[in-house]
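Asks: got a predicted structure plus its sequence, pasted below:
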Amino acid sequence: MSVTTPEAIEAFFTRSDGKYAFARWGRPIAPIVFGVDDVTLSTVKGAIEAVVTLAGHQMAETDPELGSNLMFFFFRDWKELLEVPDLDRLIPNLAELVTQLDAAGANQYRAFRFDDGHAIQAAFVFLKMDAALSKLPADTLALGQAAQVILLWGDQAFKDTSPLAVLPENGATILRPEVAGIIAAAYDRMMPAVANDASHAYRVFARLQAAS
């Protein structure tokens, strides 16, 4: 296990405004994927299932409130999102967001909704398949995105470093050991679903130490 220090864990959940903000899913995850063929669909759902299993969380066929509560959208142009029926009801100020993302040249965006206890209730993953994303194997892209929606990470957590690593012996793509460890520790049944104090990072670190 290569997780380092409590401070390193704290950095994963500290936002650019300096606030610590952690949340995990408070309900089983019911995914749906738009804009891909059946083979890629199976790959994406397989990656989600792998990360959910790592966390010791649950998946479901449907969510009682939303039907599906984890939605992946693959597309070529941000403006395509404006044509998705009722998406503007799920994503506030969708038209303005699309304009901002398009202008910034972004190729991905994740949005979360939270329940009354502030645990994750739903997540939306938007992937514009530009040249950079199109170069990635589907399983690599899917695993990286699944890791980034299983928890509410800080907005800078993976800005400079991917959550993934490549095994030198066979070229397989895996979650970085420290990221996998944090996910598993954060879903420990004795840990809170939501935390806004950096002392939470020390509790995650203690569980990593106990597991190693």
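Replies: Yes, it's here. Here the structure is a predicted model, which is why all the values come from computation and not from measurement.
Asks: helix/strand/coil for Gly18?
Replies: On the three-state scheme (DSSP: H, G, I helix; E, B strand; the rest coil), Gly18 is labelled coil.
Asks: cool, Ile182 as well?
Replies: Quick answer, by three-state DSSP: Ile182 is helix.
Asks: so it makes contact with Phe12?
Replies: Yes: under the criterion of Cβ atoms under 8 Å, Ile182 makes contact with Phe12 at 6.4 Å. Quick note: C-beta positions are derived from backbone N, CA and C, even for glycine.
Asks: more neighbours: these two, which one.
Replies: More neighbours surround Ile182 than the other of Ile182 and Phe12, with 27 against 22 (other Cβ atoms under 10 Å).
Asks: ok, now which ones touch that one?
Replies: Val3, Ile9, Phe12, Leu151, Val204, Leu208 (Cβ atoms under 8 Å, 6 or more residues apart in numbering).
Asks: which one in those is the model shakiest on?
Replies: pLDDT is lowest at Val3 among the contacts of Ile182; the value there is 56.
Asks: residues near the closest residue to Asp130 other than its chain neighbours, how many?
Replies: Take Asp130 and drop its neighbours on the chain: the residue closest to it by Cβ to Cβ, 6 or more residues apart in numbering is Asn107, 4.8 Å away. By other Cβ under 10 Å, the residues close to Asn107 number 16.
Asks: how close does Asn107 get to Phe72?
Replies: 14 Å (Cβ to Cβ, to the nearest Å).
Asks: for the two, list the residues in contact with both.
Replies: Leu127.
Asks: tell me the phi and psi of Ala186?
Replies: phi -70, psi -20 (degrees, to the nearest 10).
Asks: ok, it - contacts?
Replies: Ala186 makes contacts with Phe22, Arg24, Ala55, Leu151, Val204, as judged by Cβ under 8 Å, 6+ apart.
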